[in-house]
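# model the structure of this input:
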Amino acid sequence: MITLQKKPGKDFIILNLTDPQLGNGEWEAGHKNREILTQTITELVKQVDPDLITVTGDLAWAGHNEAYDALADLLDSFGRPWAPVWGNHDNQGGAETVDAVATHYLTHPLCVYEKGDPVLGNGNYVIAIEENGKVVEGVIMMDSHDRMPYTAPDGTESNEWAKLIPEQLVWYRQQIEMLEKLGCRDTTMMMHIPIYAFREAWAAAVKPGLDPKSVKPENSADPANWNEEYAGSFGVKYEGICSYPADEGMFDVMLELGSTHHIICGHDHVNNYVVNYKGVKFIYGLKTGAGCYWNPILNGGTVFSINENGVSDVWHQYVDVSHLL
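Purely as a prediction, here's the structure:
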């Protein structure tokens, strides 16, 4: 477990970035995508003044070592601790490739990261936010892997986006129990690929008949978009929810233990909805930069504000880079 200190009387701010995902060539001097990403993150840090920067996966492309180095150097330049989890594109080179990047990242003093048990993947670890000797927030970082086989009810076999494995659910339970012994009653889960319940949250919250692509970020909080009991939801859904097609059981464990009140993922670059479903806020992180694919109006990061009782607020911080296009 990694421990970071919160200053008494001042909210601890986490800035989450997701899917920066530039390749080696895009980091070359003068490349537009490098300029967009660098300016986006620089502006976010200036506006938000974070105590911790997290990255929910797809930091680059597997095998693009120069890109991983460039992103780490950029994050180091802000002088704040930063913590990654891996995405499917990071994982697609295999366990040894991810481990090599993780080993190198651990040479960066500002990178707060633990590899964890290799049976679970790479990068299953906990960051405890502590104030006056008490853990006020536990940030649970989880590796959501790359792809896994799936057999449909009709017997059709396919290779789908991965899910958390049963051993990770056991590990999660152990971390919650450990944090509770330290007095922590509020936790946030961070990963790349959404768990299956992101589908359930969206289906429960959205107004029947609404065309998601008709909603703009600036009017996404309009109550007309959401069922009455989901007032306070916001954000857009411009593509499918690319989780594993079957329920991996994570949400049931979360509800049973009652500690995790926020879960954030990346992966689907043009989704950024935030829905409170059964007491858990399901959050698609706001895409950071132009890597892979993007919508320029959905650019920036997601901010968590933590007080003495845990997470008190979550919002998307947009960065306008239209002048660079």
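
# mind listing the helices for the stretch 1-150 of the chain?
Secondary structure of the stretch 1-150 of the chain, counting by DSSP state H, counting those that start in this stretch: helices at 32-48, 65-76, 88-91, 95-105.

# any idea how far Val270 is from the nearest residue to Asn132 once chain neighbours are set aside?
Of all residues not flanking Asn132 in the chain, Pro8 sits nearest, at 6.0 Å (C-beta to C-beta, 6 or more residues apart in numbering). C-beta: built from backbone N, CA, C; applies to glycine. Per C-beta to C-beta, to the nearest Å, Pro8 is found 40 Å from Val270.

# neighbour count winner among the two?
Val270 (16 against 8; other C-beta atoms under 10 Å).

# residues touching the more buried one, list them.
236, 238-239, 287, 293-295, 298 (C-beta atoms under 8 Å, 6 or more residues apart in numbering).

# returning to that earlier point: any chance of the helices of the stretch 1-150 of the chain in a markdown table with distance to Glu218, mean neighbour count and mean pLDDT as columns?
Shown next, in a markdown table, are the helices of the stretch 1-150 of the chain (distance: least, C-beta to C-beta, whole Å; neighbours: other C-beta atoms under 10 Å; pLDDT from 0 to 100):
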| stretch | distance to Glu218 | mean neighbour count | mean pLDDT |
| --- | --- | --- | --- |
| helix 32-48 | 18 | 19 | 98 |
| helix 65-76 | 29 | 19 | 98 |
| helix 88-91 | 30 | 24 | 98 |
| helix 95-105 | 37 | 16 | 98 |
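
# which one of those helices lies closest to Thr54?
Nearest of the helices of the stretch 1-150 of the chain to Thr54, taken as C-beta to C-beta: helix 65-76 at 10.4 Å.

# can you list contacts of that closest one?
So helix 65-76 is contacted by 20, 22-24, 26-27, 34, 37-38, 41, 53, 55, 59-61, 82, 101, 104-105, 108, 110-111 (C-beta under 8 Å, 6+ apart).

# so what strands line up beside the helix or strand harbouring Ile264?
Here Ile264, judged by DSSP states H and E, is contained in strand 260-265. Taking DSSP bridges as the criterion, strand 260-265 forms sheet pairs with strand 187-190 (parallel), strand 280-284 (parallel).

# now these as JSON lines including mean pLDDT, mean neighbour count and distance to Tyr230?
Formatted as JSON lines, the strands paired with strand 260-265 follow (pLDDT from 0 to 100; neighbours: other C-beta atoms under 10 Å; distance: least, C-beta to C-beta, whole Å):
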{"stretch": "strand 187-190", "mean pLDDT": "98", "mean neighbour count": "26", "distance to Tyr230": "20"}
{"stretch": "strand 280-284", "mean pLDDT": "98", "mean neighbour count": "24", "distance to Tyr230": "11"}
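
# sorry, back to before: and the residue nearest to Asn132, what does it touch?
Applying C-beta under 8 Å, 6+ apart to Pro8 gives the contacts 131-132, 308.

# tell me which of the residues you listed is nearest to Val275?
If you rank the contacts of Pro8 by distance to Val275 using C-beta to C-beta, Glu308 comes first, at 26.0 Å.

# residues near that closest one, how many?
Other residues near Glu308 come to 15 when the count uses other C-beta under 10 Å.

# check Asp49 too.
Using other C-beta under 10 Å, Asp49 is surrounded by 11 other residues.

# gap between it and Ile2?
Distance from Asp49 to Ile2, counting by C-beta to C-beta: 21 Å.

# now swap in Ala128 and tell me
Separation of Ala128 from Ile2 (C-beta to C-beta): 7 Å.

# of those two, which one has the most company?
Neighbour count, other C-beta under 10 Å: between Ala128 and Ile2, Ala128 has more, with 21 against 16.

# for that one, name its beta-bridge partners.
Beta-bridge pairing of Ala128 under DSSP bridges involves Thr3, Gly138.

# ok, it to Val321 distance?
35 Å.

# before we move on, the earlier item: reformat the contacts of Pro8 as CSV; add distance to Asp154 and pLDDT.
Output for these, formatted as CSV (distance: C-beta to C-beta, whole Å; pLDDT from 0 to 100):
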residue, distance to Asp154, pLDDT
Glu131, 53, 96
Asn132, 57, 94
Glu308, 52, 96
